[in-house]
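[1] With the sequence up front, the predicted model follows.
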Amino acid sequence: MSEENKLILHGTWSSPYYKTVELALKLKGIPFEYVEEDLKNKSQKILTYNPVYKKIPVLVHTGKPISESLVIVEYVDETWKNGPPLLPQNPYSRAQVRFWVSFIRDQLYKTMFAVIQTQGEEQEKAVEELLEKLGVLEDGLKEFFPNIGNLSFGNGKPISESLVIPVLVHTGKPISESLVIVEYVDETWKNGPPLLPQNPYSRAQVRFWVSFIRDQLYKTMFAVIQTQGEEQEKAVEELLEKLGVLEDGLKEFFPNIGNLSFGNGDMGLLDIAMGVVFGPYRVQEQVAGVKIIDPDKTPLIFSWLNAISKHPVVVDSTPPLDKMVAMLKIFRQNALSSSAT
C-alpha cells in the first residue's frame, strides 16, 4: 500500500469499540496497519487525531483521521465498495440496522459492564436491567431480522452490525430515532438538496459533529435552563467549553458554515442538528438569564446560527416568540421546583 493510501487503525485490543472497526475492515478484506494505544498514557497522535474525545478507535486514511467507531464503519462501507456491504442497500433496512446498532451501543454496553463491575444487590439490579434490555432486543430481532441466526442479512454473508418519539411511518413501516430518520429520508428521496455531503470523509465529519451536538451539547444546554445559582454557573462553564470545542471543529472542517454547512445556502443534517438545539438561543438566554452564544468567543457558531434562523424553511416552522418563552419558562420552573423538593 502506497504511503498516501496508507490505512492506520489506532486502538486497544480489549475495546469493543476498536473491535467493531477491526471486524469491519477485515470483513471488507481491507489491509491496515494496527497501532496499539495505551489508554493510561495516550500517545500524542491520539490527542492530535481526536482532540474532542481523546479516545480510540481512530482510523487514519490518506492522512485524514476519522473518529467514533460507528462513524468509521459507515465511512469504510461508503469508501470501499469491494467486499460484502456492512449495511443493507435498502434504505428502510439501513435505518433499522442503525437504530439497533445504537441500541446495542447505548443500552447494552454499559449495562453489561455494570454486571461485571458490581456484586451483591447492585449486581442483581444490573442483571435484571440487562435481561430486560436483551428482551427488547430479542423482540426487535424477531420483527426486523427474523433470519439473523444466519447473520443479519439472513443469507450467510458477514454481518454489519422502548419506543420513543419521533417515529416516521412510511408505507406502513415505522422508523425511529431522529438521526436514523434523517439518513433514511436522505437515502429514500433524492429530490431536493442532499442532507449529507456526497464525499465519504465529509459525511463522516458531519456524522461525528452531529453526534457531538446531540450527545454533548443537548443535555448541557438543558442543564443550564434547569438549574440556578452555583449549579447553573457550572453548567454554563461546561457548555461554553463544549461550544469552544465545536467552534474549533467548525474552523477545521466547515470553515464556510456561516453560509450553512454546504457553503452554498442549502441546509443539511449538521444545520438541522444545531438549529434544533440552539436555533432559539436568544429565548434560552432570556429565560435562563445567562449569555450563551457570544459573537466574540464563538464567531463562527454565531454567524452559523444567524444563517440557520434566516432560512425560509426555518422561518416558516419557528413558533411565535411568546409561545417559546412561555413554554421554556414553565419547563424551567418545573425543573427548579422538582429539584427543591
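    That came through fine. Numbers count the residues shown, from 1 in each chain.
[2] which one is Leu7 nearest to, not counting chain neighbours?
    Excluding its sequence neighbours, the residue lying closest to Leu7 (CB to CB, 6 or more residues apart in numbering) is Phe32, at 4.2 Å. Every C-beta, even on glycine, is put in place using the N, C-alpha and C of the backbone.
[3] any chance you could map the helices in the stretch 151-300 of the chain?
    Here the stretch 151-300 of the chain has its helices, by DSSP state H, counting those that start in this stretch, at 178-188, 200-212, 218-226, 229-253, 269-278, 281-288, 299-310.
[4] any chance of these in TSV, plus mean pLDDT, distance to Glu68 and mean neighbour count?
    Output for the helices of the stretch 151-300 of the chain, formatted as TSV (pLDDT from 0 to 100; distance: least, CB to CB, whole Å; neighbours: other CB atoms under 10 Å):
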stretch	mean pLDDT	distance to Glu68	mean neighbour count
helix 178-188	93	13	19
helix 200-212	95	6	21
helix 218-226	93	17	19
helix 229-253	96	13	15
helix 269-278	91	15	22
helix 281-288	94	26	18
helix 299-310	92	21	18
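[5] So for Ile8, which of those helices sits nearest?
    Ile8 lies closest, by CB to CB, to one member of those: helix 200-212, at 15.1 Å.
[6] Which other helices and strands does the closest one contact?
    strand 64-67, helix 69-79, helix 229-253, helix 269-278 (3 or more CB pairs under 8 Å, 6 or more residues apart in numbering; DSSP states H and E).
[7] any chance of the ones you listed in a markdown table, with distance to Tyr184 too?
    Formatted as a markdown table, these follow (distance: least, CB to CB, whole Å):
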| stretch | distance to Tyr184 |
| --- | --- |
| strand 64-67 | 22 |
| helix 69-79 | 14 |
| helix 229-253 | 24 |
| helix 269-278 | 12 |
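[8] What about the residue nearest to Leu7, how many residues nearby?
    A count of nearby residues for Phe32, using other CB atoms under 10 Å, gives 18.
[9] Residue numbering should commence at 29 henceforth.
    In the new numbering, first residue 29, that becomes Phe60.
[10] what does the model give it for pLDDT?
    The model reports Phe60 with a pLDDT of 95.
[11] can you check Ser30 too?
    The model reports Ser30 with a pLDDT of 53.
[12] Tabulate the helices of the stretch 179-328 of the chain in CSV, adding columns for distance to Glu64.
    Converted to CSV, the helices of the stretch 179-328 of the chain look like this (distance: least, CB to CB, whole Å):
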stretch, distance to Glu64
helix 206-216, 32
helix 228-240, 23
helix 246-254, 33
helix 257-281, 27
helix 297-306, 33
helix 309-316, 43
helix 327-338, 36
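[13] Relative to Trp41, which of those helices is closest?
    Between Trp41 and the helices of the stretch 179-328 of the chain, the tightest spacing by CB to CB is seen for helix 228-240, at 23.6 Å.
[14] Now tell me what touches that closest one from outside.
    Residues outside helix 228-240 that contact it (CB atoms under 8 Å, 6 or more residues apart in numbering) are 80, 89, 92, 94-96, 98-100, 102-103, 106-107, 207, 224-225, 273-274, 277-278, 281-282, 289, 296-298, 301.
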